[in-house]
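Trainee: Fold the following for me, if possible:
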Amino acid sequence: MAQGRRREPEVHQSTIVLDAKGQALSVLMSEIFADRPEIKVASSADEVTITVRPDSVPEICYICRDDPRLEFDYLRCLCVVDYNDRLEVNYHLFSLKNRHKMVVKTSVSPDEAFVPSVINIWSGADWFEREGHDLFGVVFSGHPNLVPLLLYEGFEGFPGRKNFPLHDYDEW
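Mentor: Below is the predicted model of the structure:
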């Protein structure tokens, strides 16, 4: 292998296996958002997913938290994924009462990476949003304190992005 060149990883597709609870949640989400054709309900691996526009994130997250049929009261994780042409922000939710889980997804351009903050919905989003800002450059509008969490003040670039320059290395 040539020095400094990465080997492209194999991409494996996971089998979608929703249990009965997941299937019921998928039907319920389709019913709740039936009048919103811009919201896509799907599934990935063993979780229900909904894909929304960035500006709809807080509204949809409030519904997910406050609707008594859903009660997603716990933000398990918020992560950013770089797909080169877009950044995808994923909100992994869990209902402690109903014991079901799902993911809210939204995509933004790497050049205009703005998503409204959900810190007013789940206070646990604080560090997740700061990490997404540090590593990927996503600006979580309305976040009260987007100071660096992992990097030092004045760090240049976003090391979580695929286009961030890495030092040359040899794979072994």
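Trainee: When you work out contacts or count neighbours from here on, use the C-alpha atoms and nothing else.
Mentor: Noted.
Trainee: Low-confidence ranges, this structure, go.
Mentor: Applying pLDDT under 70 to the chain flags residues 1-7, 11-12, 14, 16, 167-172.
Trainee: let's go with 50 and repeat that
Mentor: 1 (pLDDT under 50).
Trainee: Can you show me the strands along it?
Mentor: 40-44, 47-51, 74-82, 87-94, 101-108, 114-116, 139-141 (DSSP state E).
Trainee: CA-only coordinates of the fourth one in PDB, if you can.
Mentor: What follows is strand 87-94, C-alpha atoms only, in PDB (Å, rounded to 0.1, in the frame of the first residue of the first chain):
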ATOM      1  CA  LEU A  87     -23.300  16.300   8.200                       C
ATOM      2  CA  GLU A  88     -26.000  14.300   9.900                       C
ATOM      3  CA  VAL A  89     -26.900  15.100  13.500                       C
ATOM      4  CA  ASN A  90     -28.500  12.100  15.300                       C
ATOM      5  CA  TYR A  91     -30.500  12.300  18.600                       C
ATOM      6  CA  HIS A  92     -30.800   8.900  20.200                       C
ATOM      7  CA  LEU A  93     -33.800   8.900  22.500                       C
ATOM      8  CA  PHE A  94     -35.200   6.600  25.100                       C
END
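Trainee: Many thanks, have a good one.
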